[in-house]
Structures are given as structure tokens and as C-alpha cells.
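Q: got a structure for you, letters missing:
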């Protein structure tokens, strides 16, 4: 089984984990805002050292590819590509929403068979990045940008119990909380630990990324804001 360094910076959480033989043996996480750039490399060094390994011992570097924060994605992908290039190792990319859904199913703890999972990432205003998966990780509804209103998930909720989580959930919760089929995980946070089983499957399938040319899955183009510092307009 491979030794994987897993990096999650697509959301407001900066999370780095090391897995060996399918188990997370070291993890470092922080939800301090705008800390990803300063933490991802030290976290990577710390989890590798904690396991008594070196960067050259890592079989593949795994990164959460998006959708998510434009800046966070750039930081995570640049770091993973740099590590892979420097060591001659492999690069694996995992859909951020897919790994979140895997974590959500894990949180339900064995009672998830008849549920669907809808992870949500805040995309500003009343929009979220969302997808829907079943408990086995099969994609039911692909990743998309959704403008949230009372009808956004009405058809899905007619015949399914749907679990919502992520920082985009807060926009959806007031509109859907009256529906008995809508469930909410309030204490859920994305984590590199949730990427392990997906990444191992991709590793076994040799489903790898090109270290030189891989780019994050932004879903939407980056739109720069108006500079607030006088003289920069």
C-alpha cells in the first residue's frame, strides 16, 4: 500500500495528512484565516518527520483539486506539484467535494446507506459549489455552481434523505430546514484525512496527473476585486 502525503487547502481549513497502508498516521490542521501559504509546507514537513520518513519516501503527493478558494487552490496545487517534481514522485488530484462527501458519510457512522450527501462550498453571495454522492461515493449529481433558493434541491429531497454540510450549507439551511428529508452536519470541516481512500483507488488505477501541466479545478473564472489601497486602482 502506498505512502501518501495529502494536502487540503481548497477551503478555509489548511489540512495536511500522511497515510501509510490506508491509515492516517499523522495530521496537522488549522482553520486560521489566510494561513494556508505559511502553514502548508511546515505541516508537510511535520507529518513526514512524525512518521520517521523523508519526502523521498512518499509514493505520491495528493492534492484537493477544487472547486474552492482560488487562492487556496493555487497554494495547495503549487505545493504538491513542487514536492512531486523535486522528488520525482507521483501527483494525484481529488475532487474537493467528493472527499468532503466521503467524510460526511463517515460522520454518519454506519447509518448512511439510504442517504445522499451534498457537500457545499461557499462561492459568495447566494451561490455555492455543490455535488451529490451516495454513501458508496458514487456521483449522483455532478459538481456545479448553484444559486441557492427554496427550489434548489426540491426534486432531490422528494424521495431522498439528503445530508448537507460545508461552509456553503449556512446559505441553504434556512431555506431547507423545514423539509423533513433535509439533514445538516453543523460540526463538519473538510480534512485531508477524508481523501485517503479515494486517493488510494486512483493510485492503484494509475490515475495520475501531469506534474508540469496540471491545473486546479476552479469551476468558475477568478474575478479580481477592486483594490482598497489608495493609488492601486
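A: Thanks, I have it. Bear in mind that the values here come from a model prediction, so they are computed numbers and not experimental data. Numbers count the residues shown, from 1 in each chain.

Q: can you list the domain ranges for the protein.
A: 3-96+190-204, 97-184 (automatic domain parsing).

Q: helices and strands around the helix or strand harbouring residue 17, which ones?
A: Following DSSP states H and E, one finds residue 17 within strand 14-20. The contact analysis (3 or more C-beta pairs under 8 Å, 6 or more residues apart in numbering; DSSP states H and E) places strand 14-20 against strand 3-8, strand 23-30, helix 36-50, helix 196-204. Quick note: C-beta positions are derived from backbone N, CA and C, even for glycine.

Q: now the helices: where do they sit in the protein?
A: 36-50, 70-87, 96-108, 154-159, 169-176, 196-204 (DSSP state H).

Q: Output those helices as a markdown table; include the columns mean neighbour count and distance to residue 142.
A: Converted to a markdown table, the helices of the chain look like this (neighbours: other C-beta atoms under 10 Å; distance: least, C-beta to C-beta, whole Å):
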| stretch | mean neighbour count | distance to residue 142 |
| --- | --- | --- |
| helix 36-50 | 18 | 26 |
| helix 70-87 | 20 | 18 |
| helix 96-108 | 24 | 9 |
| helix 154-159 | 12 | 13 |
| helix 169-176 | 18 | 18 |
| helix 196-204 | 18 | 16 |
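
Q: Of all those helices, which one is nearest residue 189?
A: For residue 189, the closest of the helices of the chain is helix 96-108, at 8.5 Å, according to C-beta to C-beta.

Q: What distance do you get for residue 138 to residue 125?
A: 30 Å (C-beta to C-beta, to the nearest Å).

Q: ok, the residue minimising distance to the centre of the chain - contacts?
A: Closest to where the C-alpha atoms of the chain average out (C-alpha atoms, centre = their mean) is residue 96, at 2.9 Å. When contacts are counted by C-beta atoms under 8 Å, 6 or more residues apart in numbering, residue 96 touches 8, 10-11, 64-68, 121, 190, 217.

Q: one more time with 6 Å, if that's ok
A: Going by C-beta atoms under 6 Å, 6 or more residues apart in numbering, residue 96 touches 10, 64, 66, 68.

Q: Compare the mean pLDDT across the domains of the chain and name the weakest.
A: Across the domains of the chain, domain 97-184 has the smallest mean pLDDT, namely a mean of 92.

Q: that older thread, ok, and what's touching the strand holding residue 17?
A: 3-8, 24-30, 35-36, 39, 43-44, 47, 51, 191-193, 196.

Q: which of these count as buried?
A: The neighbour-count criterion (16 or more other C-beta atoms under 10 Å) marks 3-8, 24, 26-30, 36, 39, 43-44, 47, 51, 191-193, 196 among these as buried.
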